[in-house]
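Peer 1: next one to model:
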Amino acid sequence: MDVQADGEHRYAATLTTARGASSEHVVTCDEEVLAKAGATTAEEPVLVRRVLEVLVRAADEAEAAGETPAVPRVVDLRELDRQHPELLPNLPLH
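Peer 2: Coordinates of the predicted model:
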């Protein structure tokens, strides 16, 4: 996994599944997401990386089950939080 800052609250990421499928993604974050996750602005890159780790694990599991892995091209952490409100507050940042 390669994650680079690409503007304020925006990251460019290259993800690779266990079977070698590589894909490019954009991750967006904001102050509301940081507050929900209990993260500081300095911890934002760690939060983004942890979320991507969860998504790659899910893609690996889908691949192993014979399904097509599906990590969205744009990973909007605000939308992800709406869909999975338990995720962000439970991600370890340290």
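Peer 1: now do the same contact list for the nearest residue to E32 once chain neighbours are set aside.
Peer 2: For E32, ignoring the flanking residues on the chain, the nearest one in space by CB to CB, 6 or more residues apart in numbering is R78 at 6.5 Å. For glycine as for every other residue, the C-beta is placed from the backbone atoms N, C-alpha and C. Neighbour list for R78: T28, C29, D30, E32, V33 [criterion: CB atoms under 8 Å, 6 or more residues apart in numbering].
Peer 1: please repeat the previous calculation with a cut-off of 7 Å.
Peer 2: For R78, the contacting residues are D30, E32, V33, by CB atoms under 7 Å, 6 or more residues apart in numbering.
Peer 1: most neighbours, which of those residues?
Peer 2: Within these, most neighbours by other CB atoms under 10 Å means V33, with 22 neighbours.
Peer 1: tell me which element that one falls in.
Peer 2: With secondary structure defined by DSSP states H and E, V33 is part of helix 31-37.
Peer 1: can you list contacts of that helix?
Peer 2: When contacts are taken as CB under 7 Å, 6+ apart, the neighbours of helix 31-37 outside the stretch itself are T40, T41, E44, L47, L77, R78, D81, L88, P89, L91.
Peer 1: between those residues, which sits nearest Q4?
Peer 2: Distances from Q4 to these, taken as CB to CB, are shortest for E44 (13.1 Å).
Peer 1: specify the local secondary structure of the most far-flung residue of the chain relative to its centre.
Peer 2: In the chain, G66 marks the outermost C-alpha relative to the chain mean, sitting 22.3 Å out by CA atoms, centre = their mean. At G66, secondary structure determined by DSSP: H, G, I helix; E, B strand; the rest coil is coil.
Peer 1: the chain should start at 222 in everything you say after this.
Peer 2: Got it, the first residue is 222 from now on, which makes the last one we talked about G287.
Peer 1: who's in contact with it?
Peer 2: If a contact means CB under 7 Å, 6+ apart, then G287 has no contacts.
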